[in-house]
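Asker: here is my input; please provide its structure:
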Amino acid sequence: MEVILKQDVPNLGHKDDLVTVKNGYAANYLIPRGMAIMATPSAKKVLAENLRQRAHKEAKIREEATTLANALEGLTLKVATKVSSKGKVFGSVSNIQIAEALVALGHDVDRKNITITGADIIKETGSYEAVVKCYRDIKATLQFEVVGEGEEAKEETVKEVEA
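Answerer: Prediction:
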């Protein structure tokens, strides 16, 4: 059965995509929850008109997302947190702390669009990698390092003494 998605559905498609799904999935899950509508000929015409009108806005959004992805690509962050003497993090470091670090640098990224490669949360200091989804298919990879709060201050003072 063909349906038109009214919102983004993970592992299926994005808003206003025309997708083919099994009849039961559409009739029992997507349509009753308001996530999709049946793709009748009239609904397809309305969708085509809406997409045509939105094409200009889409191009601008893609351009902004590409600019953001280029700025984030290759960026290295330092996330300071409380750690034990053995390098274990008190609590954990997740996409929330990465989003806060990016906002501090002037990049407004929603935490839901950040995926830490290999793990959801981090419990030890070290270097890690995260993928930031800027737009539907535009993604950027950034490196970040988890350091203790005291270590970050020590590194800055060492740099000042050397200078």
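Asker: which SS class is the nearest residue to residue 12 once chain neighbours are set aside?
Answerer: Leaving aside its chain neighbours, residue 12 sits nearest to residue 19 (6.1 Å; criterion: Cβ to Cβ, 6 or more residues apart in numbering). Every residue, glycine included, has its C-beta placed from N, CA and C. Assigned with DSSP: H, G, I helix; E, B strand; the rest coil, residue 19 falls in the strand class.
Asker: assumed residue 60 was part of a helix.
Answerer: Yes. Residue 60 forms part of a helix when assessed by three-state DSSP.
Asker: follow-up on the earlier one: separation between the residue nearest to residue 12 and residue 67?
Answerer: Per Cβ to Cβ, to the nearest Å, residue 19 is found 29 Å from residue 67.
Asker: neighbour count for the two, which is higher?
Answerer: Each of residue 19 and residue 67 has its neighbours counted (other Cβ atoms under 10 Å); residue 19 has more, 17 against 12.
Asker: and the residue nearest to residue 12, what's its pLDDT?
Answerer: Looking at residue 19, its pLDDT reads 95.
Asker: cool, and residue 89?
Answerer: So, for residue 89, pLDDT stands at 89.
Asker: helix or strand right after the host helix or strand of it?
Answerer: Per DSSP states H and E, residue 89 falls inside strand 88-93. Downstream of strand 88-93, the next assigned helix or strand under DSSP H and E is helix 95-104.
Asker: compute the inter-axis angle for that following helix and strand 88-93.
Answerer: 80 degrees (axes from the mean of the first three to the mean of the last three Cα atoms, to 10 degrees).
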